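*Asks:* Make a model of this:
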Amino acid sequence: MSLMNVLLAFALFVLSALVLMAGGVKKRFVLLILLLVLGMIACEQNQQQKAQRPNIIFLLSDDQRDNTFGAMGHPFVRTPNVDRLLRQGVRFSNTYIAEPVCSPSRASLFTGMHERVHGVGFSSSYQMTEDQWSRSYPALLRENGYTTGFIGKFGVEYYTFRGRTAEKFDFWYAHDGWTKFFPKEHDSFSTRPYHDAEADIITPIMGEAISAFLDSASTAGRPFCLSVSFNVPHGSQTTSMYTGYEGWHDMIRPADENPRLRGHPVYGSLYRTIDFPIPGDVGTDPHRHIPRHVLDQDRGRKKTYKYDYAPGTVREHHIRYFQTITGMDRVIGGMMRDLERLGLAGRTVIIFASDHGLLMGEYGMGGKALLYDLACKIPCFICDPGIPAAKKGKTVDRLVSSLDIPCTILDYAGVAAPQEMSGRSLVPLVRGEESGWREQLFLESLFTLRDNPFCEGIRRGDWKYIRMFDGAEPYDESDVDFTGRKPAFEQLFNLKKDPGEKINLIDRYQDSRLLGTLRSSVKARSAELNARRARYLKTYECVPR
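*Replies:* Residues are numbered from 1 along each chain as shown. Coordinates of the predicted model:
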């Protein structure tokens, strides 16, 4: 108890005694003083609670699939700084992204809702409004006394306040669209914000901004929430590591041929001498897994991710992919040193996730927007300095959704999550309180560009069920109402026996109770989300694109 609280408690005791002894006008006067003292105590306690609220840093990578850090078991990638955070924190090894493609994933991370409900995505008919943004975790934290910052790829893409995003944060050093590995070499709206940076490579530029924010926030006298959206290991970065030749987007030549990278400790020869295996089904027919009439790879996917459809270039993609993860780890290490230098490490919670995973030649294809684990399962952990020593370094295998992250951020800040947020705070899991946690998790992808179908599914225990419907672009609410519609294709995987999701058991289990239960669960959750969308439209302004 603070000295102020002790003095206020003593005053309260004295005033209470006077009330018992006083009468008439004098008693009313003493009661008034008593109420004032009670108010002072409440204000003091409120200020103490606010002062005790932790700082929060949310780190988000781009296209990073699960198990791609050293401490997560990757055989050769070097990530000593993240590995240290993992040893000090709690990892969630069954974390799925709500929407496995950039724009809707980020809209969902901000708002805590599925794309089906908030309505913002590459293929949807709507854009995010200021009304919707006011219920996002950054807006709510700022409203409740937090200094807020955003660095890197904003990524929502479709929103009514475009050009005024900086007004939504206290610190803004970010971009729309897709920047480049060497942003100073390009002149576009996504690269110009970084032309004044000291560093030349995008990830160290993010590091400069992190340091600048922490230096300013450390003297602000209030807690902060910094959201850092790294651009790596996204293909826009790996392909642009070396652009000095025809066909550079396909990564047909080693990036260390670029004179600017030759001899670089990360982006030079790192991982180039390791004889690591590439996926065995690179270059094979992808339609063995998803039929052409459901997803025609030649209608955009193969062209966009051409480098993952041939053995020669897929190896180069893997090298650059892991190099950029190591580069990101270096920047995270600098952030950790800044926190320690400024005396903030002991009161700053760090949350890490990715916006989705990535196929890199598996199943004979590349890209995202499908519900395979490689595309929709992400690395996720929380490093909370308040975690008891016995729980540090633990791995929790409960089913976690990216929609849990905004609820977790708000919980740490002591701010109630809006009713429309679908997730749950991960703080109980961090503390080891797993009782009553979810037993199944709904998955969806409503991205329909490049002939991608609507996908929705469910993960329960060792099983994952997926159903696909012909897509529409742009889609509206009626297009994602699948009531009474027969799926164009279904998949059923036993993840324990077949973690690579190569054996589709749908025919073998066609008449089983298991499949019937999974189908019913997906139908019910799909209908529930459509009903939520209908209610949401009655409450919040939604603007067509």
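
*Asks:* Residue 158 against residue 125, yeah?
*Replies:* No: shown here, residue 158 and residue 125 do not form a contact pair, counting by CB atoms under 8 Å, at 9.8 Å. Just so you know, the C-beta spots here come from the backbone N, C-alpha and C atoms, and that holds for glycine as well.

*Asks:* can you list residues touching both of these two?
*Replies:* residue 545 (CB atoms under 8 Å, 6 or more residues apart in numbering).

*Asks:* Secondary structure class of residue 416, three-state.
*Replies:* State at residue 416, reduced to three classes by DSSP: H, G, I helix; E, B strand; the rest coil: coil.

*Asks:* ok, it - contacts?
*Replies:* Taking CB under 8 Å, 6+ apart, one finds residue 410 in contact with residue 416.

*Asks:* which phi and psi does it have?
*Replies:* In terms of degrees, to the nearest 10, the main-chain angles of residue 416 are phi -70, psi 140.

*Asks:* Please name the residues that touch residue 444.
*Replies:* By CB under 8 Å, 6+ apart, the neighbours of residue 444 are 98-99, 114-116, 371, 455-457, 526, 529.

*Asks:* now do residue 141
*Replies:* 56, 148, 225, 409-410, 413, 415.

*Asks:* try residue 54
*Replies:* Residue 54 neighbours (CB under 8 Å, 6+ apart): 223, 347-349, 384-386, 412-413.

*Asks:* and these, which of them are in helices?
*Replies:* 412-413 (DSSP state H).

*Asks:* Adding distance to residue 494, neighbour count and pLDDT, write the contacts of residue 54 out as CSV.
*Replies:* Shown next, in CSV, are those (distance: CB to CB, whole Å; neighbours: other CB atoms under 10 Å; pLDDT from 0 to 100):
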residue, distance to residue 494, neighbour count, pLDDT
223, 45, 23, 98
347, 44, 15, 98
348, 41, 21, 98
349, 36, 23, 98
384, 34, 21, 98
385, 39, 16, 97
386, 38, 12, 96
412, 37, 24, 98
413, 40, 22, 98
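
*Asks:* Quick one: the contacts of residue 54 as a markdown table, columns for distance to residue 419 too.
*Replies:* Below are these laid out as a markdown table (distance: CB to CB, whole Å):
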| residue | distance to residue 419 |
| --- | --- |
| 223 | 24 |
| 347 | 30 |
| 348 | 29 |
| 349 | 24 |
| 384 | 26 |
| 385 | 31 |
| 386 | 28 |
| 412 | 19 |
| 413 | 17 |
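
*Asks:* Pick out the most distant pair among the contacts of residue 54.
*Replies:* By the measure CB to CB, 385 and 413 form the most distant pair in the contacts of residue 54, at 15.4 Å.

*Asks:* where does residue 467 land in three-state SS?
*Replies:* Following three-state DSSP, we place residue 467 in the strand state.

*Asks:* close enough to count as contact, it and residue 457?
*Replies:* Yes: under the contact definition of CB under 8 Å, residue 467 touches residue 457, with a separation of 6.6 Å.

*Asks:* tell me, what's touching those two both at once?
*Replies:* Contacts common to residue 467 and residue 457, judged by CB under 8 Å, 6+ apart, are 491, 522.

*Asks:* the bottom helix or strand of this structure by mean pLDDT?
*Replies:* Counting by mean pLDDT, DSSP states H and E, the chain has its least confident helix or strand at helix 24-52, which shows a mean of 53.

*Asks:* Let me know the next secondary structure element after that one.
*Replies:* Counting by DSSP states H and E, the element after helix 24-52 in chain order, helix or strand, is strand 55-61.

*Asks:* In this structure, where is pLDDT below threshold?
*Replies:* 1-51 (pLDDT under 70).

*Asks:* domain parsing for it?
*Replies:* 3-49, 53-431, 443-544 (automatic domain parsing).

*Asks:* just how off-centre is stretch 365-384 within its chain?
*Replies:* Put simply, stretch 365-384 sits 10 Å off its chain's centre (CA atoms, centre = their mean, to the nearest Å).

*Asks:* List the buried residues for the longest helix seen in the chain?
*Replies:* Scanning the chain for the helix with the most residues, using DSSP H, yields helix 311-341. Buried residues in helix 311-341, counted by 16 or more other CB atoms under 10 Å: 313-336, 338-339.

*Asks:* so what's residue 248 closest to, chain neighbours aside?
*Replies:* In this structure, residue 248 finds its nearest non-sequential neighbour in residue 242, 6.1 Å apart by CB to CB, 6 or more residues apart in numbering.

*Asks:* Verify the stated contact: the one you found with residue 258.
*Replies:* Yes: using CB under 8 Å, residue 242 makes contact with residue 258 at a distance of 4.0 Å.

*Asks:* sorry, back to before: pick the most buried one from the domains of the chain.
*Replies:* By mean neighbour count, with neighbours taken as mean count of other CB atoms under 10 Å, domain 53-431 ranks first of the domains of the chain at a mean of 20.

*Asks:* Just the terminal-to-terminal distance for that one.
*Replies:* By CA to CA, to the nearest Å, the extent of domain 53-431 from end to end equals 17 Å.

*Asks:* chain center to that domain, what's the gap?
*Replies:* 7 Å.

*Asks:* Closest one to residue 187 out of the contacts of residue 141, please.
*Replies:* residue 148 (29.3 Å).

*Asks:* Kind regards, and thank you for your time.
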